[in-house]
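Asks: Give me the fold of what follows.
(2 chains)
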Number of protein chains: 2
Amino acid sequence: SKELYTIFSHSTTLVHMVVVVVLVNISSFLVLQVISIKDNDSLAARLAVEMKADLLILLSDVEGLYNSPPGTNDAKLIDIFYSGDQQSITYGTKSRVGIGGMEAKVKAALWALQGGTSVVIANGTNPKITGQVITDIVEGKKVGTFFSEVKPAGPSVEEQTEMARNSGRILASLHPDQKLCTLLLTERKNEILAANKMDMKMAVSAGRLPSAMLKRLSLSSVKLSSLAVGLHQIAKAAQDSVGRVVRRTRVAPSLELEQVTVPIGVLLVIFEARPDCLPQTCFSVSALAIASGNALLLKGGKEAANTNRVLHQLTQEALSLHGVREAVQMVNTHEEVEDLCRLDKVIDLIVPRGSSQLVRDIQRAAKGIPVLGHSEGICHVYVDADADVDKVIKIVRDSKCDYPAACNSMETLLIHREILRTPMFDKIIEMLRIEQVKIHSGPRFASYLTFSPSEASSLRTEYSDLECCLEVVDGVEEAVEHIHKYGSSHTDVIVTENKETAERFLQQLDSACVFWNASSRFADGYRFGLGAEVGISTARIHARGPVGLEGLLTTKWVLRGDGHTVADFSESGSRKYLHENIPVDLRFPESVFKVFL
Amino acid sequence: SKELYTIFSHSTTLVHMVVVVVLVNISSFLVLQVISIKDNDSLAARLAVEMKADLLILLSDVEGLYNSPPGTNDAKLIDIFYSGDQQSITYGTKSRVGIGGMEAKVKAALWALQGGTSVVIANGTNPKITGQVITDIVEGKKVGTFFSEVKPAGPSVEEQTEMARNSGRILASLHPDQKLCTLLLTERKNEILAANKMDMKMAVSAGRLPSAMLKRLSLSSVKLSSLAVGLHQIAKAAQDSVGRVVRRTRVAPSLELEQVTVPIGVLLVIFEARPDCLPQTCFSVSALAIASGNALLLKGGKEAANTNRVLHQLTQEALSLHGVREAVQMVNTHEEVEDLCRLDKVIDLIVPRGSSQLVRDIQRAAKGIPVLGHSEGICHVYVDADADVDKVIKIVRDSKCDYPAACNSMETLLIHREILRTPMFDKIIEMLRIEQVKIHSGPRFASYLTFSPSEASSLRTEYSDLECCLEVVDGVEEAVEHIHKYGSSHTDVIVTENKETAERFLQQLDSACVFWNASSRFADGYRFGLGAEVGISTARIHARGPVGLEGLLTTKWVLRGDGHTVADFSESGSRKYLHENIPVDLRFPESVFKVFL
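Replies: Model (predicted):
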């Protein structure tokens, strides 16, 4: 199976010419008597340089170049190999490169690099994905080992993650009081405001942001003070939550079990480059992570870049007081989100903050790493036959119009059949007209009218705007059924004065948030009293609905014994399990908070 | 871009000849004046039948045939289209098939089917994966719509899941007492034992199981009684756990928030076809699921098929008392695990029970569905310089030898440098020798010896047998470092009389279970007093370590108001948040259990 062929591609802007050399399962050498060409690898390198190719892809039967023989302890794939590292590979070739033939490939690669051709060594043995490997490489994705002339300044994202985890482990073991210190905001208010002014200036000159957005981007002394109050709440919540014993059992005499809350580990928080992702949100999430003892990788949005940089500097300064400066890392490089998501061995949880599209993309990309986020917010308000008209108007208006782009705003209004053609119905429609809410009719609602609004193309639409779907149901049972079928299990509301109907809705409906006579917009960590919000989760495990500090915690089991073995407790053994519950103190003793501004 | 080509494949046993017709972006019809061949589709069908091809693949620009136009409400891809359904498609072609051209494909497909050629319509527009689509189809994976002559007896797995979810929602809303009734085991003991005898007979005649395994597979009156006791524990635990208010907040006057535990939804429990997966385990997991109000899909192991079938029948009979018979479904078809894992819209959690390879495979296959399981159990016992020799011998022996194949058995023994060449060291080695434990030496341990045992090929090995690695460390800090680097965060043990050293280990070590002077084998739901065990999780979110009933629960937020809107609480609004914590009653009132045998 000797195969050697070249492909010329003109499809991308970056790479004008690509030489692909398939070197899989070479059983004998090509007989070519040209100087210094001893094998396919050197032939390919020669050819690539001769052709002035931008990129040479060498396909092997391993993933790429490893720092030690693949399969042994700590063998790690080298993502980027810099020609400056050449010296080290000359010294230690035998031990560093475990697969025969890789040495020849590396030599050829370095030779091609000197000749001006970039090189990737990747795995080409899987016939199903080889095609994808080549296109992935051409698209600049991280596949195999990339050979580069220049070493970039600063650590790689892998190195950053490693630093974050190591610092994070120390952070986690700090006393709550010490962690609180790290939240300290010094009198650097002016520095923050100056950076924010720069962001504002750039946003104004770019001219892309509507004034309402600009207002949200802008920081002020007052906003910073309320941020400090929020940090205070977080610090307090952390003291009550982290290191808390949630269960205590006497398994047997002198054998006691505790389940204790601990930080999850390393979090990756990704902010979408959009104005919704404000510096205070970014800072609050950092604070939540630190307070809960988690290490953090932050990939921030562009709009608030300057403000975020200063806030991050302050955070690192505060962290360095306890030698854990590296626990929070900004990922500023051009790392693709997809590449970050590949770091499943080192990142424990991804929190995307942004549009539901971002969340979906990341859920798809995150192989093996859990993602905390909401994919969609298709929230319903059901107006029951026994509803009070004033409450209906207030709640429907607030649910739809308070902030239509929010994930917790109403997308579908369900009304009881008996309300149709009543004064209450007219009042609802009148209010929606005044608020300029565009109505799309559900099929059943349309069937009742001679002239109906345009029919909704789907009952599953997230309008995220001053639009909503209106549909008719026969009662609470059908409302629940409709929401189970078309909703996204985010937040759903019933408006009724009938307590029994309400309780049936609250109990039967399978959504993260179920509300009675209250606006769907209350579904929010701050409004729930959680201090701040990591995000809202529509996942069904771990954390559901608005997620505060507790969503960043997991537990570990601590067992203290005196030489106990399970053999002693076997059928033929001498001991019996007690399994006695021991009461747990729910709270830490109050201690002093150290949050200043 | 008119392309038509055929591929002949002889690589699989099932499909001897495959005709592949690429019909992507056809902009004009082929000009072929043959009877009834109007387009590529009919041409392909003709050709396939003429050639007596086993399979015709029609590639389109949609995923396959939908039950209503793709993109509209409820549009669902039809996995298998039976020729018996032909009538219905003749009636409703226009509304059922939304994409122009699909009608022609369906006609061609049905025509080919009558001629004896099976047909798959799938998406061929993605150039990156088209090759994979074809090979996936040939390998029998569920891709696109498969046209079949015969409708199989019984519901499809999608229908089963749907039934399970619907029944599950009713199950979840039952009163705890009613759920307990469903755990009722009647006097059908003999039926169960008879079925178990059949399994035993088959296992013996197959002759594959060692006698120890046979003993575990066998049920007895005594075992059934202890199973009933376990069910009693589960029922009790469920009463305390499900529907529990875990947090209560007065958000504002007349606006009260509750966080309540609820079942997760639909669980898929996959038992590996291996003798470890015993009927009682399978039944306990069912009981845990039902008690917690979850719907359940069970894919069972072969060895205990008869016993499991009877137990499942009894379960369904009990469930039918409350009209929720369908809440537990056995997936008996030849469904591939990979296909089940694709049902991410309907399955909320997958629990694989079996080898770590099974767990890894399922984690890889489960796109978007969380998986609760442990991928590896590389557990350590660290013997400190201050350890007591008797406890060391007891704990090391129990951790390694009690059940070497278990995930919570010791794989690496770390010893403090100062212990080397002491009587304690000799005693450890002597004990391991007597127990016939093969020792692999770590690099540092090897360096101390003139003649060392064979070096461990990796410090990350899960031997799962009477083998272990032995390595030397300088103290507790280095032990923690070693475990962080090579462990799997499952269960790790320190043996020492020094309380300070022990607490440092327990606090700093980042594993699901950290033990002091107790065998690693205690890491188990039953031994922890959780009643029964869903499994052990090495994931860091949701549930960690041994997982009991609580791992099958999530929470929902219930907010009860009186017409509250968030606008009232805005900066310009009239109201202020209270966020008062209201104490919660931790327990349900005791009630009567109804578990009989």
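Asks: what pLDDT does A:A212 get?
Replies: Each residue has a pLDDT score; the one for A:A212 is 67.
Asks: near chain B, which residues of the stretch 351-500 of chain A?
Replies: By the rule CB under 8 Å from any CB of the partner chain, the part of the stretch 351-500 of chain A lying against chain B is A:363-364, A:367-368, A:370, A:372, A:388, A:390-391, A:394-395, A:397-398, A:402, A:457-460, A:484-486. Backbone N, C-alpha and C define where each C-beta goes, glycine included.
Asks: Quick check: buried residues in the top helix by length along chain A?
Replies: The single longest helix within chain A, with elements called by DSSP state H, is helix A:221-241. Buried residues in helix A:221-241, counted by 16 or more other CB atoms under 10 Å in any protein chain shown: A:223-224, A:227-228, A:230-241.
Asks: Can you give the strand pairings for whichever strand or helix holds A:N517, parallel or anti for each?
Replies: Assigned by DSSP states H and E, A:N517 falls within strand A:513-518. Each strand that strand A:513-518 pairs with, and the sense of that pairing, follows from DSSP bridges: strand A:491-495 (parallel), strand B:553-564 (parallel).
Asks: do the helix or strand just after that strand and chain B meet at all?
Replies: Past strand A:513-518, heading to the C-terminal end, the next element that is a helix or strand (DSSP H and E) is strand A:535-537. No. Interface with chain B: strand A:535-537 contributes nothing (CB under 8 Å from any CB), its closest point being 9.8 Å away.
Asks: So what are the sheet partners of strand A:535-537 and their directions?
Replies: Listed by DSSP bridges, the sheet partners of strand A:535-537 and their directions read strand A:545-547 (antiparallel).
Asks: From one end of stretch A:532-542 to the other, what's the distance?
Replies: For stretch A:532-542, the first and last residues are 18 Å from each other (CA to CA, to the nearest Å).
Asks: for stretch A:174-188, same thing?
Replies: With CA to CA as the measure, the ends of stretch A:174-188 fall 25 Å from one another.
Asks: what's the average pLDDT for it?
Replies: The average pLDDT within stretch A:174-188 is 60.
Asks: check contacts around A:Q316.
Replies: Remark: with contacts taken as CB atoms under 8 Å, 6 or more residues apart in numbering or on different chains, A:Q316 is in contact with A:R325, A:V328.
Asks: And it, how close does it get to chain B?
Replies: A:Q316 sits at a distance of 23 Å from chain B (criterion: CB to the nearest CB, to the nearest Å).
Asks: could you say which helix or strand contains that residue?
Replies: Residue-wise, A:Q316 maps onto helix A:305-320 under DSSP H and E.
Asks: Just give the nearest non-adjacent residue to A:V495, would you?
Replies: Spatial nearest neighbour of A:V495, excluding adjacent residues (CB to CB, 6 or more residues apart in numbering or on different chains): A:A387 at 4.4 Å.
Asks: what about A:V119, which helix or strand?
Replies: Secondary-structure element containing A:V119, defined by DSSP H and E: strand A:118-123.
Asks: quick one: contacts for A:Y382?
Replies: By CB under 8 Å, 6+ apart, the contact list for A:Y382 reads A:L414, A:I415, A:H416, A:V473, A:V476, A:A479, A:I483, A:D492, A:V493, A:I494, A:V495, A:F505.
Asks: Which residues does it form beta bridges with?
Replies: The partner list for A:Y382 in beta bridges (DSSP bridges) reads A:L414, A:I494.
Asks: need the strands paired with strand A:513-518 in JSON lines with mean pLDDT, can you?
Replies: Compiled in JSON lines, the strands paired with strand A:513-518 are given as follows (pLDDT from 0 to 100):
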{"stretch": "strand A:491-495", "mean pLDDT": "98"}
{"stretch": "strand B:553-564", "mean pLDDT": "96"}
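Asks: Tally up the residues packed near A:I429, please.
Replies: A:I429 is surrounded by 14 other residues when neighbours are defined as other CB atoms under 10 Å in any protein chain shown.
Asks: how about it, what does it touch?
Replies: With the criterion set at CB under 8 Å, 6+ apart, A:I429 makes contact with A:I439.
Asks: is it true that it lies in a strand?
Replies: No. Assigned with DSSP: H, G, I helix; E, B strand; the rest coil, A:I429 falls outside any strand and is helix.
Asks: measure it to chain B for me?
Replies: Spatial separation of A:I429 from chain B under the definition CB to the nearest CB is 19 Å.
Asks: do the same with A:I234
Replies: Counting by CB to the nearest CB, the gap from A:I234 to chain B is 14 Å.
Asks: That residue against A:G531, yeah?
Replies: Yes. Using CB atoms under 8 Å, A:I234 is in contact with A:G531, at 4.9 Å.
Asks: For A:C513, list each beta-bridge partner.
Replies: A:C513 has the following beta-bridge partners by DSSP bridges: A:T491, B:W557.
Asks: That one - how many residues pack around it?
Replies: Other residues lying near A:C513 total 28 when counted by other CB under 10 Å.
Asks: rewinding a little: shared neighbours of A:I234 and A:G531, anything?
Replies: Listed contacts common to A:I234 and A:G531 are A:L288, A:L549; contacts here mean CB under 8 Å, 6+ apart.
Asks: picking that back up, narrow the contacts of A:Y382 to just the buried residues.
Replies: The neighbour-count criterion (16+ other CB under 10 Å) marks A:L414, A:I415, A:H416, A:V473, A:V476, A:A479, A:I483, A:D492, A:V493, A:I494, A:V495, A:F505 among the contacts of A:Y382 as buried.
Asks: Serialize those to CSV and add fields for distance to B:M163.
Replies: Below are the buried ones among the contacts of A:Y382 laid out as CSV (distance: CB to CB, whole Å):
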residue, distance to B:M163
A:L414, 25
A:I415, 30
A:H416, 29
A:V473, 23
A:V476, 23
A:A479, 22
A:I483, 20
A:D492, 24
A:V493, 29
A:I494, 27
A:V495, 32
A:F505, 24
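Asks: Now flag whichever of those is closest to A:G561.
Replies: When the buried ones among the contacts of A:Y382 are compared for distance to A:G561 (CB to CB), A:D492 wins out at 48.4 Å.
Asks: and A:E471, what is it in contact with?
Replies: If a contact means CB under 8 Å, 6+ apart, then A:E471 has A:T412, A:L413, A:L414, A:I415, A:S441, A:G442, A:P443, A:R444, A:F445, A:L459, A:H482 as its contacts.
Asks: which one of these is nearest chain B?
Replies: Closest approach between those and chain B, by CB to the nearest CB: A:L459, at 5.1 Å.
Asks: Name the nearest residue to the closest one, ignoring sequence neighbours.
Replies: Among residues not flanking A:L459 along the chain, A:Y486 sits closest, at 4.4 Å (CB to CB, 6+ apart).
Asks: picking that back up, what packs against the strand holding A:V119?
Replies: Using 3 or more CB pairs under 8 Å, 6 or more residues apart in numbering or on different chains; DSSP states H and E as the contact criterion, the neighbours of strand A:118-123 among helices and strands are strand A:55-60, helix A:102-114, helix A:130-138, strand A:145-148.
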